[in-house]
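Student: Predicted model and sequence follow; I will ask about them next.
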Amino acid sequence: MNPFRVLDHVKHDYRKYVESFSLIRSEDVRALVREAIERDELLWREPYVQVNKNFKPAGNLANLIPSVLHPDCRKVFYRNESDPNSALIDLHQHQHQSILAAAAGKNYLVSTGTSSGKSFCFFIPIVDQCLRLRGTKGIKAIVVYPMNALANSQYWNMAARLHGTGIRIGKYTGQTERTDSEAAATYRKIHGRDEPFDSEVLSREEMMANPPDILITNYKMLEYMLVRPKDRAMLNPDYAEALQFIVLDEAHTYEGRRGADVAMLIRRVKRRMKAKGRVRCVATSATLVKTADEDHEFREVSTFFQQLFGESVDRDAYIKEEEEPLPAIEHLMPDSAGNLDELIKGFDPSHDSKWAVADLYFGAPVSGDRRNPESLRHMIRRSEAYHAVYEALRVRPKQPSELAAELSESLGKPVEVVRPFVDAFLRLGLIADSNGRQVVPIRLHNFFQSGSKAYRCARCN
């Protein structure tokens, strides 16, 4: 997918919608508004760019099958979300460590940045246990998200992956319909198809009668499961032994009063399900504490974990991200951008014309035997522009214009030269290999706002 092209389509449709009810009679005001929109100053701002970090690799998931993971994990954790027959995922080091910690029966805390694959740190061990307990009645894992948007995203992804495995997953939030018929109607409306995946438990009615193996929820709904008589059927103490995991995603959001409420809630769930000291407690988060003193850092996070779960976490189960060092620079940024601007306007990552952009980006023609995504990935990682962009985005996402200004200063080149190379890098990174992976994983974040009323002074000429 080309996110820049998608964004252009969204902007076009949104502008058309806003202009349909913003009728400006004054020609000069109408012209000023049009110019403000074109300059990205009125309906939206320039997008923010994010480049995924190069996390330390730990080999393919297949290396853990069947020594650590159930063989049927092969059916779930494939690389291309839309192709169950694609190769198995490659693991980051923090994902590998999480799987081993869970296999050892340990509580663990994963503290890594955005887009680091934190969800696989707990879903892989959860699915492994569900496969081993297949056919056993009762919830095997409770995964608590702070926001419904996160819960929805992970639910849809896992429901598709679990299709045909015999594992059932349910999402219990305020959006979950009460009856089977209501849930089926809502499902058809949202997804445009009649039949859900065989892994999906759609209604509260069905969850209460036969709880799913994996329950995705939020802390407010988990509270209702303890206090409302009908809902308590999902947390049936008769099937307490089935429960293997309690997960709190984005644990850094549970601070202050909310943190105290959630901590008490977890203790009540554990008491009802006889889970103290038995169930694996897992927390994931962005960086909780970051200091040069690793002993002090661990004391802080382990105290937080203890307060949240009422359980301890071992030093080796405090799992942080590890970045793979960038390779040495082999391709310096040329002093001239040539006609990069023109080529970028019509850039299509699936068309052969993309190699004309690559030729200018590297300052020399890319030989025929290297005109493939794998070689391009190797070359881009050794380019001066990539090193500079990667370093500039380590702290937070930035707008391309902001990136160009920073790189202009650090590389000692004019902004008008640097900006086309930044744009070219962002486009080349979209090229996908045979497994659907981008050469450089790039994300765009854009913020939209409503068009405000326009006024013209009656006394002005």
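Tutor: Cool, got the structure.
Student: Pull out the buried positions in stretch 344-363.
Tutor: Buried residues in stretch 344-363, counted by 16 or more other C-beta atoms under 10 Å: 344, 347, 349, 354, 355, 356, 357, 358, 360, 361, 362. In this view, the C-beta of every residue, glycine as well, is placed from N, C-alpha and C.
Student: Can you pick out the most distant pair from the residues you listed?
Tutor: Across these, the longest distance by C-beta to C-beta is 16.7 Å; it joins 349 and 362.
Student: pLDDT and secondary structure added to the buried residues of stretch 344-363, as a markdown table?
Tutor: Formatted as a markdown table, the buried residues of stretch 344-363 follow (pLDDT from 0 to 100; DSSP: H, G, I helix; E, B strand; the rest coil):
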| residue | pLDDT | secondary structure |
| --- | --- | --- |
| 344 | 89 | helix |
| 347 | 84 | coil |
| 349 | 84 | coil |
| 354 | 89 | helix |
| 355 | 92 | helix |
| 356 | 91 | helix |
| 357 | 92 | helix |
| 358 | 92 | helix |
| 360 | 92 | helix |
| 361 | 92 | helix |
| 362 | 92 | helix |
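Student: Closest one to residue 222 out of these, please.
Tutor: Set against residue 222, the nearest of the buried residues of stretch 344-363 by C-beta to C-beta is residue 349 (42.8 Å).
Student: isn't that closest one right next to residue 427, touching?
Tutor: Yes. Counting by C-beta atoms under 8 Å, residue 349 does reach residue 427; the two are 7.0 Å apart.
Student: Could you identify the longest helix within this structure?
Tutor: For the chain, the longest helix by residue count, based on DSSP state H, is helix 3-21.
Student: Give me the next element, helix or strand, following that helix.
Tutor: For helix 3-21, the following helix or strand on the C-terminal side (DSSP states H and E) is helix 27-38.
Student: hmm, back to that, same for the longest helix of the chain, what does it pack against?
Tutor: strand 442-445 (3 or more C-beta pairs under 8 Å, 6 or more residues apart in numbering; DSSP states H and E).
Student: List of residues touching the strand it packs on?
Tutor: 3-4, 7, 47-52, 115, 397, 426, 429-430 (C-beta atoms under 8 Å, 6 or more residues apart in numbering).
Student: Using JSON lines, lay out those residues together with distance to residue 189 and pLDDT.
Tutor: Listed next are the contacts of strand 442-445 as JSON lines, based on distance: C-beta to C-beta, whole Å; pLDDT from 0 to 100:
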{"residue": "3", "distance to residue 189": "27", "pLDDT": "83"}
{"residue": "4", "distance to residue 189": "31", "pLDDT": "84"}
{"residue": "7", "distance to residue 189": "27", "pLDDT": "89"}
{"residue": "47", "distance to residue 189": "30", "pLDDT": "91"}
{"residue": "48", "distance to residue 189": "32", "pLDDT": "92"}
{"residue": "49", "distance to residue 189": "34", "pLDDT": "91"}
{"residue": "50", "distance to residue 189": "32", "pLDDT": "88"}
{"residue": "51", "distance to residue 189": "36", "pLDDT": "87"}
{"residue": "52", "distance to residue 189": "34", "pLDDT": "84"}
{"residue": "115", "distance to residue 189": "30", "pLDDT": "77"}
{"residue": "397", "distance to residue 189": "34", "pLDDT": "89"}
{"residue": "426", "distance to residue 189": "36", "pLDDT": "90"}
{"residue": "429", "distance to residue 189": "36", "pLDDT": "89"}
{"residue": "430", "distance to residue 189": "32", "pLDDT": "88"}
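Student: which of the residues in stretch 29-37 are buried?
Tutor: 30, 33, 37.
Student: what about this protein, any weak spots by pLDDT?
Tutor: Filtered on pLDDT under 70, the chain yields the residue ranges 1, 287-290, 451-461.
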